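J.: this one's sequence-less:
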């Protein structure tokens with residue numbers, strides 16, 4: 001971990017990402033907007049709003065920083081019981097302690113399925129759990145999650161705040177299809193949702209167009225779809241925006257495997 005800390009004086013402004021917010025702002029975020037930026041009707045006409053670089057004592061959860069590459073190295077080490085490139089960085093006991101039970105599930109919010117000493121588990125839309133942690137402040141968000149069964153982990157660093165639940169199922173669905181061994185479906189059919197593989201072979205993937213007719217739409221209005229599948233929002237946040245496709249019509253095309261049940 002070579003970038004776990006830095007001096008502000010050493011930062012090169014041209015190489016530093018601008019931080020943004022999207023859509024309507026929290027009350028205190030208006031104090032962070034760069035002077036002169038138009039904030040008219042952010043709710044009705046959502047857009048990216050640049051905010052200034054600010055100082056905050058919770059940055060980095062106690063002044064601990066990293067890069068995407070080094071977070072991936074850390075994730076590999078944790079996933080592999082403390083070993084990285086053949087070296088034992090943390091003992092297996094230490095890794096087990098990070099994921100040792102601390103809080104009863106009856107006390108957890110609905111988006112968590114387990115909480116340990118250093119990480120927690122969130123449920124994907126295929127009912128499987130992934131382990132890791134998240135973080136966010138105005139203008140920035142991060143996620144680090146993995147699942148040992150499919151030997152897959154995800155790291156995302158973003159220069160805007162977002163509901164991290166929007167990304168977790170989508171990133172694992174995309175990553176599983178591209179990188180994981182689909183034969184695990186023979187033991188656990190839940191992963192079939194992400195690759196279309198069954199015990200009898202692969203299902204066909206179909207293009208589905210969803211088109212809605214909406215009356216009384218204002219010029220700056222946006223129409224979203226939300227449903228039971230990660231591709232259509234997973235019942236999280238606002239969902240997925242549709243595109244205008246004619247007067248008072250909004251639509252978007254999606255790809256689903258045969259026999260997928262949709263509610264939206």
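T.: Arrived safely, thanks for sending. Here the structure is a predicted model, which means the values were calculated and not measured.
J.: Pull the contacting residues for residue 227.
T.: 233-235, 239, 262-264 (Cβ atoms under 8 Å, 6 or more residues apart in numbering). The way it works is simple: take the backbone N, C-alpha and C, and place the C-beta from them, glycine included.
J.: swap in residue 99?
T.: Taking Cβ under 8 Å, 6+ apart, we find residue 99 in contact with 116-119, 131.
J.: Kindly report the same for residue 244.
T.: For residue 244, the residues meeting the contact criterion (Cβ under 8 Å, 6+ apart) are residue 250.
J.: What residues are bridge-paired with it?
T.: residue 250 (DSSP bridges).
J.: So for it, what's the pLDDT?
T.: At residue 244 the predicted local distance difference test score is 89.
J.: Could you tell me how far it is located from residue 207?
T.: As for residue 244, its distance to residue 207 is 19 Å (criterion: Cβ to Cβ, to the nearest Å).
J.: between the contacts of residue 99, which is nearest residue 95?
T.: Looking at those and their distance to residue 95, the nearest is residue 118, at 9.3 Å (Cβ to Cβ).
J.: how far away is the closest residue to the closest one other than its chain neighbours from residue 48?
T.: Spatial nearest neighbour of residue 118, chain neighbours left out: residue 98 (3.8 Å); criterion: Cβ to Cβ, 6 or more residues apart in numbering. With the distance defined as Cβ to Cβ, residue 98 ends up 36 Å from residue 48.
J.: okay, these two: which has more neighbours?
T.: For residue 98 versus residue 48, neighbours defined as other Cβ atoms under 10 Å are more numerous around residue 98 (15 against 11).
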